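Participant: Generate coordinates for the sequence data below:
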Amino acid sequence: MSSLEKLPVTVITGFLGSGKTTLIRNLMQNPQGKRLAIVVNEFGDVGVDGEILKSCAIPDCPEENIMELANGCICCTVADDFIPTIEALMALEPRPEHIVIETSGLALPKPLLKAFDWPDIRSKITVDGVIALADAEAVADGRFAPNVAAVDAQREADDSLDHETPLSEVFEDQVSCADIVLLTKPDLAGPEGVAKAKAMVLKEAPRALPVVEVAEGVVDPRVILGLEAAAEDDMDNRPSHHDGHDDHEHDDFESVVIDIPEQSDPAAFAAKIEKLANEQNILRVKGYAAVEGKPMRLLVQAVGARVRHQFDRPWKPEEGRQGKMVVIAEHDDVNEAAIRAALVD
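Facilitator: Numbers count the residues shown, from 1 in each chain. Just a heads-up that it's a prediction; the model follows:
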């Protein structure tokens, strides 16, 4: 790559638990000969996704090319975090040939695209494309409002009403900004659910968009890398609910970090998380736990009441086998005492 060429950046966006990290892991394992760099933006104080990706580092994407931003939403911390991180990646030797940014599940992509117009970097990088991931089962079930039927009935009865929840606005903004939408977990949705989810995505899209089914994050990198969309120059075709506002609020969501004692049974702990999600309307749980008699860390990730767990790597001596879980919910649904009691007591 000559010093005059702009460095391409792909933005991977999508709702909580839609499969962004799994997709990037597969890209790292099949980079098409490109030297990749990864930027991971977490929501919460405990970095989980960054550690997962670092454990998958390969020569074309070594660990030093994987950077984590955990100080808040990437589109709200541009000057403090995003710009310095991009500059640091561009200064690496050898220089990365493509940067992949994994946003948090709550990030709005359009404010992030505006960051690429900052004077320090606008002549050096370009947004190759915005890839939005959507959980096919969740989209088909209409989980972007507490009571979708009631909201629809109100809207039909009074055109002046717009009672959409923050979750729906995040989803719609991500689809509106995308160059390609990937429907993930099609096996859980089934053919009927996938068809319904695709119809909902296309209904929200402001222009014709390709919608591709992806299972376990496996997709030909040629489908999503090298789009040459120059998205930073195409802002008018990517409408947002927050157009005309200088920022957007994250007070609608809250994360709680819970220290987790050593567990005796991974399945029993997963059942606690499932019960918590059902009773407290939890959106996302992710983190690590220690299991009695096991030298490996237990990685736990949950989307709603759907919990997955696996041993990922041995504990490091300095970690002291201290388990931690990040629990994310809409602000009004957060009851820290109840969450702590459900997971710890």
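Participant: going forward, measure contacts and count neighbours with C-alpha atoms only.
Facilitator: Will do.
Participant: partner residues bridging the closest residue to residue 198 other than its chain neighbours?
Facilitator: Nearest non-adjacent residue to residue 198, counting by Cα to Cα, 6 or more residues apart in numbering: residue 211, 6.9 Å away. Under DSSP bridges, the beta-bridge partners of residue 211 are residue 181.
Participant: ok, residue 211 - how many residues close by?
Facilitator: Neighbours of residue 211 under the rule other Cα atoms under 10 Å: 19.
Participant: With residue 302 as the reference, measure out to the spatially closest residue to residue 231 that is not a sequence neighbour.
Facilitator: Excluding its sequence neighbours, the residue lying closest to residue 231 (Cα to Cα, 6+ apart) is residue 127, at 5.3 Å. Using Cα to Cα, to the nearest Å, one gets 30 Å for the distance from residue 127 to residue 302.
Participant: Also residue 14?
Facilitator: Relative to residue 302, residue 14 is positioned 15 Å away (Cα to Cα).
Participant: The two: who's more crowded?
Facilitator: Per other Cα under 10 Å, whichever of residue 14 and residue 302 has more neighbours is residue 14, with 30 against 22.
Participant: What about the residue lying closest to that one once chain neighbours are set aside? Give its phi and psi, please.
Facilitator: Of all residues not flanking residue 14 in the chain, residue 133 sits nearest, at 4.5 Å (Cα to Cα, 6+ apart). Dihedral angles phi and psi of residue 133 (degrees, to the nearest 10) take the values phi -100, psi 140.
Participant: my read: residue 133 touches residue 179, true?
Facilitator: No: using Cα atoms under 8 Å, residue 133 makes no contact with residue 179, being 11.0 Å away.
Participant: Return the per-residue confidence for residue 218.
Facilitator: At residue 218, the model reports a pLDDT of 89.
Participant: I figured it was touching residue 23, is that so?
Facilitator: Yes: if you go by Cα under 8 Å, residue 218 and residue 23 touch, sitting 6.6 Å apart.
Participant: Wait, a helix at residue 170?
Facilitator: Yes: membership of residue 170 in a helix is supported by DSSP: H, G, I helix; E, B strand; the rest coil.
Participant: Can you give me the neighbour number for it?
Facilitator: Applying other Cα under 10 Å, I find that residue 170 has 21 neighbouring residues.
Participant: cool, and residue 210?
Facilitator: Under the neighbour criterion other Cα under 10 Å, residue 210 is assigned a count of 12.
Participant: So what does it look like in phi/psi?
Facilitator: Per degrees, to the nearest 10, the backbone of residue 210 is at phi -70, psi 140.
Participant: go on, residue 320?
Facilitator: Main-chain dihedrals, residue 320, degrees, to the nearest 10: phi 60, psi 20.
Participant: burial count for it?
Facilitator: Neighbours of residue 320 under the rule other Cα under 10 Å: 9.
Participant: Per-residue pLDDT of it, please?
Facilitator: pLDDT recorded at residue 320 is 89.
Participant: pLDDT averaged over the biggest helix by length in the chain - what is it?
Facilitator: Across the chain, the longest stretch assigned as helix under DSSP state H is helix 186-204. For helix 186-204, mean pLDDT is 92.
Participant: What helix or strand is residue 270 located in?
Facilitator: According to DSSP states H and E, residue 270 maps onto helix 266-280.
Participant: list the helices and strands the helix or strand residue 310 falls within packs on?
Facilitator: Assigned by DSSP H and E, residue 310 belongs to strand 306-314. Using 3 or more Cα pairs under 8 Å, 6 or more residues apart in numbering; DSSP states H and E, the elements in contact with strand 306-314 are helix 266-280, strand 296-303.
Participant: what sits against the closest residue to residue 277 other than its chain neighbours?
Facilitator: Distances taken as Cα to Cα, 6+ apart place residue 305 nearest to residue 277, at 5.1 Å, with adjacent residues excluded. Taking Cα atoms under 8 Å, 6 or more residues apart in numbering, we find residue 305 in contact with 273-278, 282.
Participant: Now do the strands in the stretch 51-200 of the chain.
Facilitator: For the stretch 51-200 of the chain, the strands defined by DSSP state E, counting those that start in this stretch cover 66-69, 98-102, 125-135, 180-184.
Participant: would CSV of the ones you listed with mean neighbour count be doable?
Facilitator: As requested, the strands of the stretch 51-200 of the chain are exported to CSV (neighbours: other Cα atoms under 10 Å):
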stretch, mean neighbour count
strand 66-69, 21
strand 98-102, 24
strand 125-135, 26
strand 180-184, 26
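Participant: In the stretch 51-200 of the chain, where is pLDDT below threshold?
Facilitator: 51-65, 68-81, 106, 119-120, 143-166 (pLDDT under 70).
Participant: ok but residue 216 is inside a helix, no?
Facilitator: No: applying three-state DSSP, one finds residue 216 to be coil, outside a helix.
Participant: okay, and for the stretch 201-345 of the chain, where does confidence drop off?
Facilitator: The model of the stretch 201-345 of the chain has pLDDT under 70 over residues 242-253, 330-333.
Participant: In CSV, list the C-alpha atoms belonging to the longest helix of the chain.
Facilitator: Output of helix 186-204 as CSV, limited to C-alpha atoms (Å, rounded to 0.1, in the frame of the first residue of the first chain):
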residue,chain,number,x,y,z
PRO,A,186,-30.8,-18.4,10.8
ASP,A,187,-31.0,-21.9,12.2
LEU,A,188,-32.7,-20.6,15.3
ALA,A,189,-35.2,-18.4,13.3
GLY,A,190,-36.1,-21.1,10.8
PRO,A,191,-37.0,-20.4,7.2
GLU,A,192,-40.2,-18.5,8.1
GLY,A,193,-38.4,-16.4,10.7
VAL,A,194,-35.6,-15.6,8.3
ALA,A,195,-38.1,-14.5,5.7
LYS,A,196,-39.9,-12.3,8.2
ALA,A,197,-36.7,-10.8,9.5
LYS,A,198,-35.5,-10.0,6.0
ALA,A,199,-38.8,-8.3,5.2
MET,A,200,-38.5,-6.2,8.3
VAL,A,201,-34.9,-5.2,7.5
LEU,A,202,-35.9,-4.2,3.9
LYS,A,203,-38.8,-2.2,5.2
GLU,A,204,-36.5,-0.1,7.4
